[in-house]
Structures are given as structure tokens and as C-alpha cells.
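Engineer: quick check, what structure comes out for this input:
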Amino acid sequence: MAADGELNHGPLEKKSYDEMGELTVSANQMQKNLPDTIEKMLVASQSVFNQSEDLTQSANEVQQGSKQIAPTMYELREGSESQADREYEMVRMMDDFTGRIELAHLEGADVAKSSTEVLSLTKEGTTLMRNSVQQMQSIDGIVKNAVEQVKGLDSQSQQISQLVQVIKDNIQSNQSIGAECSHRSRSCW
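Structural biologist: The predicted structure is shown next:
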């Protein structure tokens, strides 16, 4: 019996054409559709797992990229924005998947226990994905801040270069004046 986890027995025999007969037809149709529904749930769960692996790998790459020098920060900023977009899409897909699981839970009393477990895992995964999005947004903010600081350092470096040039010009001017005074003092002797 399907309620006991046996999904391979034959259809129920329709013995009447009243409401019980209609119920038998509906139960047979549900039993026929149940393996496909379970297969789709397994495929979706595997997809979520694979995307989670991809997300973990991307997070590791972002962490290593943040240790690179200033020009690489520009590329990292673009990469983190792209990653955040993908994560938003994953959250949307997780929300859609959660809705489908909830619908399957309501439609099939025989799969209620399995649907509840999958629903719980999906909600936990959604929460983890949202946390990851927040972390990526935080990383993006840090990278943007670092880029701004690098721009500030560049501006300060240019100002220092200008000051050094003024000092060099003053030194050359003083040397010229000193040489002229030295020359004049010799001619005066």
C-alpha cells in the first residue's frame, strides 16, 4: 500500500461509479503521479546542493581576491556584484521551490511526512542563502570602501609629488643663488 511506502503495486479496482469510485480513480492517479513528484523533489534537492557547492567555492574565491592589490579590487567589486545577483536569483528560486514543496505537501497526504522534512531543509537553506547574500553585500561594501580609500591615497600621492617638486625647485633655486653669490664673491676679491 502507498501509505506504507510501497509505490509499485497495481492500481486499485474501481468497484462502483459513485463517489467511492471517483475517489478510487483519484487515488490511482495520485499513485501514478507520485514517483514523478518524488523524482522531481530529488532532482531539485540535488540542484540546491550543487548550487550550494558553487556558492561555497565562489565565497572562497572572493576571500582570496580581497587580499590582492588595489587594481584587482576593481575587478573584485564587479565580481561581488555579479555574485550578489546570482544569489538573489538563487533566493528567488529557493522561494519558488519552497512554494512548490508546500503545494505538494497540501495535495498529497501520503507524502506529508517527506514533504515536511524537505520543507524544513528548504527553509533552512533559504535562510542560509539570505545570510550569504547579506555577507556578500557586506563584502561588496568593504570592497567599495577600499576602492575609495585607494582613490584617496592616489590623490594624496599626487599632492605629495607636487610638494616634492616644489622642494626640488626651491633647492635648485637656492643652489643657483648660492653659485651666483660664490661667483660674485670671487670676483670681488
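
Engineer: and the longest helix for the protein?
Structural biologist: helix 112-188 (DSSP state H).

Engineer: on contacts alone, who are the packing partners of that helix?
Structural biologist: Judged by 3 or more CB pairs under 8 Å, 6 or more residues apart in numbering; DSSP states H and E, the packing partners of helix 112-188 are helix 19-65, helix 70-107. Bear in mind the C-beta positions are built from the backbone N, C-alpha and C, glycine included.

Engineer: now it, how far from the centre of its chain.
Structural biologist: 26 Å (CA atoms, centre = their mean, to the nearest Å).

Engineer: how far off helix 70-107 does it point, in degrees?
Structural biologist: Calculated by axes from the mean of the first three to the mean of the last three CA atoms, to 10 degrees, helix 112-188 forms an angle of 170 degrees with helix 70-107.

Engineer: before we move on, back to that, highest mean neighbour count out of the helices and strands packed on helix 112-188?
Structural biologist: Most buried of these by mean neighbour count (mean count of other CB atoms under 10 Å) is helix 70-107; its value is a mean of 16.

Engineer: against which helices or strands is that one packed?
Structural biologist: helix 19-65, helix 112-188.

Engineer: which residue is nearest the middle of this protein?
Structural biologist: Glu87 (3.7 Å; CA atoms, centre = their mean).

Engineer: okay but that one is in contact with Met129, surely?
Structural biologist: Yes - using CB atoms under 8 Å, Glu87 is in contact with Met129, at 6.4 Å.

Engineer: so what sits against both of the two?
Structural biologist: Shared contacts of Glu87 and Met129 (CB atoms under 8 Å, 6 or more residues apart in numbering): Leu55.

Engineer: OK, contacts around Ser52?
Structural biologist: 125, 128.

Engineer: contacts only, for the residue lying closest to Gln51 once chain neighbours are set aside.
Structural biologist: Among residues not flanking Gln51 along the chain, Met90 sits closest, at 5.9 Å (CB to CB, 6 or more residues apart in numbering). Contacts for Met90 (CB under 8 Å, 6+ apart) come out as 51, 55, 129.

Engineer: how about the residue nearest to the last one when sequence neighbours are not counted, what does it touch?
Structural biologist: Spatial nearest neighbour of Met129, excluding adjacent residues (CB to CB, 6+ apart): Val91 at 5.1 Å. Applying CB under 8 Å, 6+ apart, one finds that Val91 lies in contact with 126, 129-130, 133.

Engineer: is it true that Ser132 touches Glu87?
Structural biologist: Yes - shown here, Ser132 and Glu87 form a contact pair, counting by CB under 8 Å, at 5.9 Å.

Engineer: hey, what's in contact with both of the two?
Structural biologist: Joint contacts of Ser132 and Glu87 (CB under 8 Å, 6+ apart) are Leu55.

Engineer: on the three-state scheme, Pro11 is what?
Structural biologist: coil (DSSP: H, G, I helix; E, B strand; the rest coil).

Engineer: report how many residues lie close to it.
Structural biologist: 12 (other CB atoms under 10 Å).
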